[in-house]
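**Student:** sequence below, structure please.
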Amino acid sequence: MIKDQLFIRGAVLGLLIPSIAFMIYSLVRMDGDFVALYYELNALNIHTHVMSLCVLVNTIPFFIFIKSNREKPAQGILMTTIVFALFITLDKLL
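**Tutor:** Below is the predicted model of the structure:
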């Protein structure tokens, strides 16, 4: 039961970190206007590049969890990273 909770916490962390990275990028680039930034990136056809770089930030907590022998949260982060990668790939192809 506790290991399932750790997996879920890792998955939630894996969802939050790319979102926070995009928010920080948005604050730096467009003074916090998330929607305008997405449409600008979409018009330039580089939105998938920025999204994949935001997901790349997940490697930091992933390796921290692996080094500290906490495999369940690392598995949650890895699962969300793979799901994000699939969505980004589908977005790029379609």
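
**Student:** could you export stretch 79-94 as PDB, keeping only the C-alpha atoms?
**Tutor:** Provided in PDB are the C-alpha atoms of stretch 79-94 (Å, rounded to 0.1, in the frame of the first residue of the first chain):
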ATOM      1  CA  MET A  79       5.800   6.600 -16.400                       C
ATOM      2  CA  THR A  80       4.700  10.200 -16.700                       C
ATOM      3  CA  THR A  81       7.700  11.100 -18.800                       C
ATOM      4  CA  ILE A  82       6.900   8.200 -21.200                       C
ATOM      5  CA  VAL A  83       3.300   9.400 -21.400                       C
ATOM      6  CA  PHE A  84       4.400  12.900 -22.100                       C
ATOM      7  CA  ALA A  85       6.800  11.700 -24.700                       C
ATOM      8  CA  LEU A  86       4.000   9.700 -26.400                       C
ATOM      9  CA  PHE A  87       1.700  12.800 -26.400                       C
ATOM     10  CA  ILE A  88       4.500  15.000 -27.800                       C
ATOM     11  CA  THR A  89       5.200  12.500 -30.500                       C
ATOM     12  CA  LEU A  90       1.500  12.200 -31.500                       C
ATOM     13  CA  ASP A  91       1.300  16.000 -31.500                       C
ATOM     14  CA  LYS A  92       4.300  16.300 -33.800                       C
ATOM     15  CA  LEU A  93       3.000  13.600 -36.200                       C
ATOM     16  CA  LEU A  94      -0.500  14.900 -36.400                       C
END
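
**Student:** show me where this protein has its strands.
**Tutor:** Read by DSSP state E, the chain holds no strands at all.

**Student:** and the helix or strand of it with the lowest mean pLDDT, what other elements does it pack with?
**Tutor:** Here the helix or strand of the chain ranked lowest by mean pLDDT, DSSP states H and E is helix 34-43, holding a mean of 86. When contacts are defined as 3 or more C-beta pairs under 8 Å, 6 or more residues apart in numbering; DSSP states H and E, helix 34-43 packs onto helix 2-30, helix 47-56. (Glycine included, C-beta is placed from N, CA and C.)

**Student:** which of these sits closest to residue 65?
**Tutor:** Closest approach to residue 65 among the helices and strands packed on helix 34-43 (C-beta to C-beta): helix 2-30, 7.0 Å.
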